[in-house]
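K.L.:
Here is the input, now give the coordinates:
(one chain, ligands or ions: 2)
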Amino acid sequence: MNLILIGPPGSGKGTQSDYLVETFGAVHLSTGDMLRKHVKDGTAIGKKAKSFMDSGALVPDDLIIEMMTERLNEIKAEKKSWLLDGYPRSLKQANALKALAASGNAVDAVIYLDVSDNEVVRRLSGRRTCPVCKRTYHIEFMKPAVEGKCDADGAALIIRDDDKESTIRNRLKTYHSQTAEVVSFYRKEGVLKAIPGESAPSDVTQKVASALGKSVKPKKK
Ligand code: ADP
Ligand code: ADP
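P.N.:
Ligands and ions are numbered 1, 2, ... in the order given. The predicted structure is shown next:
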């Protein structure tokens, strides 16, 4: 299954991707993580993307489309499926992805996590991120076992540069003006699964699973 996770910033795309990767064995592609690596490594893409990311705007379509088309074709060549987290985020990107359908990159389902602006602000202002494995935590809603440390690898958790209130508001504006229409695009294509995303993470996972005709195995103690 080729899957897309879409929703406002902080809607839980990264959090829910663990279950989907485990269940469908897909390659997880987070455009945000890919871009932050480019910025950290000081590549040409990173240099072009940084100012847009810092302000909460979208990085220009041509740059993103080129980066993603290359990666998607590599995954297809390895005969694997993908889970897109943060792509497409504009109609131009959605149309570029549609153009790849005939060559084996068709979209099977789009999971839309529906979360209000107020909840986004609450979540992002308390988000902590592992710089090593990219897992996210929340200081109130999803605490790590040891304060400030990643459960998976023990790395010191960080606050992302763009998780500050003024940038969060800009990211929400960008979402409503450019990404919300991608939700309508996939609704018309008949592949959209809209999931209410404000309940507890495990409850959202149950809803995602049942929308895809799966069940969630209880975690081993
Ligand atoms: P996205 O990838 O969509 O930006 P994340 O998965 O990083 O979102 O989640 C954003 C923040 O909200 C993180 O701090 C995460 O721990 C927290 N979070 C995720 N899902 C839930 C949920 N269902 N309830 C409460 N907090 C959540
Ligand atoms: P979140 O889901 O929490 O908003 P991401 O990590 O997905 O954060 O994205 C961080 C930033 O990277 C975005 O604010 C934007 O500047 C850039 N970005 C990520 N994905 C895309 C995309 N598909 N198109 C354009 N810019 C993107």
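
K.L.:
Any residue of stretch 34-51 touching ligand 2?
P.N.:
Yes. Stretch 34-51 reaches ligand 2 (CB under 6 Å from any ligand atom) through L35. C-beta: built from backbone N, CA, C; applies to glycine.

K.L.:
can you give me the end-to-end distance of that stretch?
P.N.:
16 Å (CA to CA, to the nearest Å).

K.L.:
Please enumerate residues in contact with that stretch?
P.N.:
If you take CB atoms under 8 Å, 6 or more residues apart in numbering as the criterion, stretch 34-51 is touched by M53, V59, P60, L63, M67, R71.

K.L.:
show me what contacts the last one?
P.N.:
Residues in contact with R71, defined by CB under 8 Å, 6+ apart, are L29, M34.

K.L.:
ok, it to ligand 2 distance?
P.N.:
Using CB to the nearest ligand atom, to the nearest Å, R71 is found at 12 Å from ligand 2.

K.L.:
what helix or strand is that residue on?
P.N.:
Using DSSP states H and E, R71 sits in helix 61-77.

K.L.:
Now that we have the contacts of stretch 34-51, which of them are buried?
P.N.:
M53, V59, L63, M67, R71 (16 or more other CB atoms under 10 Å).

K.L.:
In three-state terms, how would the spatially closest residue to the fourth one that is not a sequence neighbour be classified?
P.N.:
Take M67 and drop its neighbours on the chain: the residue closest to it by CB to CB, 6 or more residues apart in numbering is I45, 6.3 Å away. Reducing the assignment at I45 to three states with DSSP: H, G, I helix; E, B strand; the rest coil gives helix.
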